[in-house]
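*Asks:* what follows is a predicted structure for the sequence shown.
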Amino acid sequence: DLSNNHISDEGAIALARALMERSGQDCQIQTLDLSHNKEIGDRGAKELSEAFQEGCVQNLVIRSCHIHADGAASFGLALKKLAAKNSECPAGDAPKRLSVDLSGNPLGILRKKSKSGNKYSATALKSKATATTAAYMSFIGKTVQKGLK
């Protein structure tokens with residue numbers, strides 16, 4: 001239980017890499033709880049998902065950290081790869097039960113990668129301005145329609 005320990009992305013990355021180094025040596029952790037470490041974000045989640053995918057941890061609990069959609073997506077990819085790997089297992093071998101708990105994280109919306117790599121690029125600003133303008137126009141249109149009734 002490493003919850004509430006002010007572990008950052010760098011700490012989560014170091015922990016994940018240490019787990020992956022030991023993965024082939026019968027070193028498997030049943031449950032790793034990193035909940036309430038507010039400095040664990042998408043970078044730490046990406047590395048932890050790779051350790052999870054390698055089978056280093058069976059149950060990973062990272063509640064109420066600072067993981068957004070990008071970090072959650074990396075766990076989705078890891079689970080997809082694990083499902084494919086488990087479908088290749090012989091019929092007699094029961095796959096291990098694995099779980100990831102990301103509850104309480106501000107998952108939000110998956111961020112699109114911009115070509116320029118800058119969140120203040122002309123395309124990103126234009127897209128945001130267009131969405132804002134559309135929202136205002138919709139609001140104004142509804143207000144005008146109510147006034148005409």
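*Replies:* Great, that's in hand.
*Asks:* pull the helix or strand with minimum mean pLDDT from the chain.
*Replies:* Lowest on mean pLDDT, DSSP states H and E among the helices and strands of the chain sits helix 122-148, with a mean of 56.
*Asks:* what's the neighbour count on Leu77?
*Replies:* Applying other CB atoms under 10 Å, we find 13 other residues in the vicinity of Leu77. In this view, the C-beta of every residue, glycine as well, is placed from N, C-alpha and C.
*Asks:* same check on the one 5 residues further on?
*Replies:* The number of residues packed near Leu82 is 17, by other CB under 10 Å.
*Asks:* any idea which element it lies in?
*Replies:* In this assignment (DSSP states H and E), Leu82 forms part of helix 69-87.
*Asks:* tell me the buried residues in that helix?
*Replies:* 69-75, 78-79, 82 (16 or more other CB atoms under 10 Å).
*Asks:* residues touching it, excluding its own?
*Replies:* Here helix 69-87 makes contact (CB atoms under 8 Å, 6 or more residues apart in numbering) with 41-46, 49-50, 52-53, 95, 98, 100, 102, 105, 107-111.
*Asks:* run through the neighbouring helices and strands of the helix or strand just after it.
*Replies:* Where DSSP H and E defines the elements, the next helix or strand beyond helix 69-87 is strand 99-101. On a contact count with 3 or more CB pairs under 8 Å, 6 or more residues apart in numbering; DSSP states H and E, strand 99-101 meets strand 57-61.
*Asks:* report the rounded mean pLDDT for the strand it packs on.
*Replies:* For strand 57-61, mean pLDDT rounds to 91.
*Asks:* tell me the one of the buried residues of helix 69-87 nearest Val57?
*Replies:* When the buried residues of helix 69-87 are ranked by distance to Val57 (CB to CB), Ala78 comes first, at 10.9 Å.
*Asks:* read off the pLDDT value for that closest one.
*Replies:* 91.
*Asks:* also Asp42?
*Replies:* 95.
*Asks:* isn't it right next to Ile67, touching?
*Replies:* Yes - counting by CB atoms under 8 Å, Asp42 touches Ile67, with 6.3 Å between them.
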